[in-house]
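A.B. asks: mind folding the following:
(chains A and B)
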Protein chains: 2
Amino acid sequence: MGELRKDPILGRWVIIATERSRRPSSFNKEEVFEDDIQNCPFCEGREKMTPPEIYSLRDPNTSPNNPGWRIRVVPNKFPACSIDDDLKKRGLGIYDMMTNFGAHEVIIETPQHDKEFKDRTIEDISGIITVLQNRVEDLHRDERLRYVLLFKNKGKGAGASLMHPHHQLIALPITPKRVREELKGVESYFKLKERCIFCDLIEQENSSPERVVYENDGFLSFCPYASRFPFELWIIPKEHSIDFHGQKAREKVGFLAEMFKIILSKYDKVLKNPSYNYIIHTAPNRFPRGGYWRTIEQDFHWHIELWPKLTQVAGFEWGSGFYINPVSPEIAAECLREEKQ
Amino acid sequence: MGELRKDPILGRWVIIATERSRRPSSFNKEEVFEDDIQNCPFCEGREKMTPPEIYSLRDPNTSPNNPGWRIRVVPNKFPACSIDDDLKKRGLGIYDMMTNFGAHEVIIETPQHDKEFKDRTIEDISGIITVLQNRVEDLHRDERLRYVLLFKNKGKGAGASLMHPHHQLIALPITPKRVREELKGVESYFKLKERCIFCDLIEQENSSPERVVYENDGFLSFCPYASRFPFELWIIPKEHSIDFHGQKAREKVGFLAEMFKIILSKYDKVLKNPSYNYIIHTAPNRFPRGGYWRTIEQDFHWHIELWPKLTQVAGFEWGSGFYINPVSPEIAAECLREEKQ
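C.D. replies: Here you go, the predicted model:
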């Protein structure tokens, strides 16, 4: 299955495929990314091509792993980690490793091969969001899992290997470095100001709305001041709310669905169907024992970070952690707001 | 020229092009990457196509910005930052920015369009390394510059826009986040052990050499235990040494040149001329006032991080700071050591 290894200098974790390691020759041929509807394992009628389903929303009188579903959750066939592994940790000289314990699931949004959010009804999208929320909630019941990362890679440029609309989640036995950094950042701000930095961001963006793209009664979307990537966009609930799957978030599913539909349509119009990634930044799993180490209810605020894949990350970015963005967020927001190409 | 903007939560800096921002339509067409030897601005005879040279190693009786050079250093034509800007800092509500002060240089390795390190003599490569060292040393004389990042992007997949062999450097008015993290990591280890973690890494890798690829009298190369990318490789001086341009490093230029020649030939043989990135991780600029804030002579150890561009970074990596590596470093090292495909 592989293992988790920790970089001894940066504390960065890496998931290493130790058993079925790929050979160099497998990287030599150009990866074929055909939108192969004839062999798509996520299409209706090919349920046997995926591992057995974890959950499905399906018509009465249909049975699991058969047609008749509207949304289907299955383990990733090539998982980064597995719930069947035990969680074991050990040292190796100055190195640290742990077993690849965790979950890697695929949420297939529709039996139809090419129905993206922008082509769905608000009700359909709401249904998918609800399934995503339920999966996070369900995995948070396992105390060994510290973080559930929900994301979508759309298009080859964004790292997707299949076109059929799907989200993915990876649940991990540690709170990832990137999430810890964010939690540390919001904590520092809260200590200084006794306010949530995201609530302050919303206020500042609203007061001079040159970076705002769209808002409805539940959510604000804007191109962040320090956007890493051209046309990067954040979607954030206007009301302070810590968990993507929490009560407040559930009440606003319809607004989030509308926001997704509008924003992704804007991307497609302005940038001509780009590949994109988005990540749901939600709070880590919290338990009285284990889990995250402090109360974060006041300072963290869940949100979504979204960007089209238009530029390459190269030596400078990798070496510095800086990014070079050739489009100012003010111009990106104007183009998206007014759908100018 | 643009500006540097700071993410208020993570403290990550972004270089934003505020003036000549690209329009969405410029991202729609596939970027053309032709190895256009007819119009290459780095070839001999086309010196006027670049900004005026900063330095050149040239035949006597030839004048700057004319043919007759062997190595040539010029400002990047589309610079991420500029030495002509003043360094000014200001706030904007909860945001922070500073002007785009800095340097962005291109080190053209040869007048010939297609002579890579693997095709050069040890003496030629040593000459290039010496120029790189001199540029870092020169820029360190400017107290406003806190860090000089030297890197190479080779091939389109690695973000290069021109094929003609070149390195780049970006000198910045702040020590970048990624470098600070590394300095913090080595400091923690030193506090615990009173030893340099890189010296310990060398010892551990040598004692069980399954990840070692090649070594000579000056340098060790190995696939790191927690490799982020398939076939990632670090090159490290065996003797403790903090600066890439320092005295100890200068004495070992020939060994580094030989290491580069061998490693890059191995990459080309095993992985069939891959695109790659490498980054020289050297110490920040140190001044009695300003500069880095503590003594790092004992704990930091300069080194090179190198990887072929074989996989995509997608939502999971961006969201977590984790990496998924489909090739174990032990297998990668074995393939590179024995040149197995």
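A.B. asks: what are the bridge partners for the most centrally placed residue in chain A, then?
C.D. replies: Centrality entry for chain A: nearest residue to the mean C-alpha point is A:Phe151, 1.8 Å, by CA atoms, centre = their mean. The bridge-partner assignment for A:Phe151, based on DSSP bridges, gives A:Gln168, A:Ile279.
A.B. asks: contact partners for it?
C.D. replies: A:His167, A:Gln168, A:Leu169, A:Asn277, A:Tyr278, A:Ile279, A:Ile280, B:Ala314, B:Gly315, B:Phe316, B:Trp318, B:Gly319 (CB atoms under 8 Å, 6 or more residues apart in numbering or on different chains). Quick note: C-beta positions are derived from backbone N, CA and C, even for glycine.
A.B. asks: number of nearby residues for the closest residue to the first one other than its chain neighbours?
C.D. replies: The one in question is A:His167. For A:His167, the nearest residue in space outside its immediate sequence neighbours is A:Ile107; the separation is 4.3 Å by CB to CB, 6 or more residues apart in numbering or on different chains. As a burial measure, A:Ile107 scores 21 neighbours (other CB atoms under 10 Å in any protein chain shown).
A.B. asks: tell me the secondary structure for the closest residue to A:Gly68 other than its chain neighbours?
C.D. replies: Taking CB to CB, 6+ apart, and ignoring the residues beside it in sequence, A:Gly68 has A:Thr62 as its nearest neighbour in space, at 2.8 Å. The three-state label given to A:Thr62 by DSSP: H, G, I helix; E, B strand; the rest coil is coil.
A.B. asks: same check, this time on A:Val186
C.D. replies: Taken by three-state DSSP, the conformation at A:Val186 corresponds to helix.
A.B. asks: contacts only, for it.
C.D. replies: With contacts defined as CB under 8 Å, 6+ apart, A:Val186 is in contact with A:Cys196, A:Ile197, A:Phe198, A:Ile296, A:Asp299, A:Phe300, A:His301, B:Ile9.
A.B. asks: distance check, the third one against A:Val253.
C.D. replies: Summarising the geometry, the distance separating A:Phe198 from A:Val253, computed by CB to CB, to the nearest Å, is 19 Å.
A.B. asks: so between these two, which is more surrounded?
C.D. replies: A:Phe198 (23 against 19).
A.B. asks: thinking again about what came up before, pick the one among the contacts of A:Phe151 closest to A:Arg178.
C.D. replies: Sorting the contacts of A:Phe151 by distance to A:Arg178 puts B:Gly319 at the head of the list, at 6.4 Å, by CB to CB.
A.B. asks: now the phi/psi pair for that closest one, please.
C.D. replies: Phi and psi for B:Gly319, reported as degrees, to the nearest 10, are phi -80, psi -30.
A.B. asks: ok, now which ones touch the closest residue to it other than its chain neighbours?
C.D. replies: What sits nearest to B:Gly319 in space, not counting adjacent residues and going by CB to CB, 6+ apart, is A:Ile279, at 3.7 Å. Applying CB under 8 Å, 6+ apart, we find A:Ile279 in contact with A:Leu149, A:Leu150, A:Phe151, A:Ile304, A:Glu305, A:Leu306, B:Gly315, B:Trp318, B:Gly319.
A.B. asks: ok now the lowest-mean-pLDDT helix or strand in chain A, how far from the chain's centre?
C.D. replies: In chain A, the helix or strand scored least confidently by mean pLDDT, DSSP states H and E is helix A:25-28, which has a mean of 71. The gap between the average C-alpha position of helix A:25-28 and the chain average comes to 29 Å, counting by CA atoms, centre = their mean, to the nearest Å.
A.B. asks: list the contacts of that helix.
C.D. replies: Contacting residues not belonging to helix A:25-28 are listed as B:Pro230, B:Leu271, B:Lys272, B:Pro274, B:Pro308, B:Leu310, B:Gln341 [CB under 8 Å, 6+ apart].
A.B. asks: do the same with stretch A:70-79
C.D. replies: With CB under 8 Å, 6+ apart as the contact definition, stretch A:70-79 has outside contacts at A:1, A:41-42, A:47, A:50-59, A:103-111, A:127-128, A:131, A:135, A:168.
A.B. asks: of those residues, buried ones?
C.D. replies: When the contacts of stretch A:70-79 are checked for burial by 16 or more other CB atoms under 10 Å in any protein chain shown, the buried set is A:1, A:41-42, A:47, A:50, A:53-56, A:58, A:103-111, A:127-128, A:131, A:135, A:168.
A.B. asks: run through the neighbouring helices and strands of the helix or strand following the least confident helix or strand of chain A.
C.D. replies: Tracing the chain past helix A:25-28, the next element assigned as helix or strand by DSSP states H and E is strand A:55-58. Contact here means 3 or more CB pairs under 8 Å, 6 or more residues apart in numbering or on different chains; DSSP states H and E; on that basis strand A:55-58 packs against strand A:69-75, helix A:122-139.
A.B. asks: sheet partners, orientation included, of strand A:55-58?
C.D. replies: Under the criterion DSSP bridges, strand A:55-58 sits next to strand A:69-75 (antiparallel) in its sheet.
A.B. asks: can I get the CA coordinates of the strand it pairs with in CSV?
C.D. replies: The C-alpha atoms that make up strand A:69-75 are tabulated as CSV, following Å, rounded to 0.1, in the frame of the first residue of the first chain:
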residue,chain,number,x,y,z
TRP,A,69,-28.2,5.8,-8.8
ARG,A,70,-28.0,9.6,-9.0
ILE,A,71,-24.9,10.1,-6.8
ARG,A,72,-22.4,7.4,-6.0
VAL,A,73,-19.4,7.3,-3.6
VAL,A,74,-16.7,4.7,-4.1
PRO,A,75,-13.2,4.1,-2.8
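A.B. asks: quick one: mean pLDDT over that strand.
C.D. replies: Here the mean pLDDT over strand A:69-75 is 97, rounded to a whole number.
A.B. asks: perfect, that will be all.
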